[in-house]
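*Asks:* Sequence and predicted structure below; questions after.
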Amino acid sequence: MKEFKTRSMIKQASKLAGLLLLSWTLFSCSAPVKADTNISPQLEQQVLEIIRKHPEVVLESVRDYQKQQQGQQQKAQQAFVQDLKTNPKAVIGQSPTTGAKTAKVVLVEFSDFQCPYCSAAHATLKQFMAKHQNDVTLVYKNFPLTSIHSEALPAAKAAWAAGQQGKFWEYHDALFTQQKQLSDAFYQETAKALGLDVQKFNQDRDSKAAEAAIAQDVQMAEKLGVDGTPFFVMNGNVFSGSVELSDLEATLAKVKG
């Protein structure tokens, strides 16, 4: 009975150990791992004691977790890439776009306005799109990491509201280039500076429609297996984190070749 109980505890330890896995690399903003709130403090202490006595369960759990996650993400990404090839308009939906109108080469970006790595990627994308605006369609999708970035969602709503008056990309640029100023006052000031109808802007950013549009992007990102920003898909190529101009150029050459 004691041996059976120990094996059961090791299984629990293995399950809990999977929660210790940190996502993404140093060059991305990542969503925090959510702990299982159903685990009692007593059980947690018992499990941690088992982990101390059997550290091998951590490595085993991490390997299993990685395989499972990779398998799920690969399937989701393959489906997404196929949709992007066969019906890019369905993937783009109502999301803001800039660049080429033909959508032969589509670069989908999942981003967070408060993520510093997204801000760095924004500068790189500006250079890339200035050179390839006739070849590439850039699509912006929201993936605000609300657990670690308090202004990510308000900023996303503000940008969406600006988009309702045809100023998404100008507002988008202001958010990224002045990222440290993100606040309600800044959203109002930026709207005024861009000549927006501020009353309509405020109504739109507080609307259910804004919430629904952002939620739709988040659902797509989660289905795709995105858990950090920035995250990119260029036709059939998936990459994430801090991106260099040379990386984008190489990927485009591969896509067009």
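*Replies:* Cool, got the structure.

*Asks:* Give the helix, strand or coil label for T137.
*Replies:* strand (DSSP: H, G, I helix; E, B strand; the rest coil).

*Asks:* I figured Q178 was touching F186, is that so?
*Replies:* Yes: counting by Cβ atoms under 8 Å, Q178 does reach F186; the two are 7.0 Å apart. For every residue, glycine as well, the C-beta is placed using N, CA and C.

*Asks:* shaky segments in the stretch 51-200 of the chain?
*Replies:* 57-58, 65-66, 68-71, 73 (pLDDT under 70).

*Asks:* Please, where are all the helices along the stretch 101-250 of the chain?
*Replies:* 116-132, 152-163, 168-177, 184-193, 198-205, 208-224, 245-256 (DSSP state H, counting those that start in this stretch).

*Asks:* got the contact list for the residue nearest to H149 when sequence neighbours are not counted?
*Replies:* Excluding the flanking residues, the one nearest H149 by Cβ to Cβ, 6 or more residues apart in numbering is Q114, at 3.7 Å. Residues in contact with Q114 (Cβ atoms under 8 Å, 6 or more residues apart in numbering) are P144, L145, H149, S150, E151, A152, A155, Q179, L182.

*Asks:* what's the spacing between the fourth one and A159?
*Replies:* Think S150. Distance, S150 to A159, by Cβ to Cβ, to the nearest Å: 16 Å.

*Asks:* which one of these two has more residues nearby?
*Replies:* Shown here are S150 and A159; by other Cβ atoms under 10 Å, A159 has more neighbours (28 against 12).

*Asks:* Backbone dihedrals for N134, both of them.
*Replies:* Main-chain torsions, N134, degrees, to the nearest 10: phi -90, psi -10.

*Asks:* So it sits against K101, correct?
*Replies:* No: counting by Cβ under 8 Å, N134 stays clear of K101, with 9.2 Å between them.

*Asks:* Could you check how many residues crowd around the residue lying closest to A90 once chain neighbours are set aside?
*Replies:* The spatially closest residue to A90, leaving aside those adjacent along the chain, is D83, at 6.2 Å (Cβ to Cβ, 6+ apart). D83 sits with 12 neighbouring residues when counted by other Cβ under 10 Å.

*Asks:* go on, E249?
*Replies:* Using other Cβ under 10 Å, E249 is surrounded by 14 other residues.

*Asks:* Am I right that it is in contact with Q127?
*Replies:* No: counting by Cβ under 8 Å, E249 does not reach Q127; the two are 9.9 Å apart.

*Asks:* The residue nearest to A90: which element?
*Replies:* Per DSSP states H and E, D83 falls inside helix 56-86.

*Asks:* Mind giving me the packing neighbours of that helix?
*Replies:* With contacts taken as 3 or more Cβ pairs under 8 Å, 6 or more residues apart in numbering; DSSP states H and E, helix 56-86 sits against helix 2-17, helix 41-53, helix 88-92, helix 208-224, strand 231-234.

*Asks:* and it with helix 208-224, angle?
*Replies:* The directions of helix 56-86 and helix 208-224 differ by 120 degrees, with axes from the mean of the first three to the mean of the last three Cα atoms, to 10 degrees as the criterion.

*Asks:* Can you give the distance of helix 56-86 from its chain's centre?
*Replies:* Distance of helix 56-86 from the chain centroid (Cα atoms, centre = their mean, to the nearest Å) equals 16 Å.

*Asks:* So A158 sits against Y187, correct?
*Replies:* Yes: between A158 and Y187 there is a contact at 4.2 Å, judged by Cβ under 8 Å.
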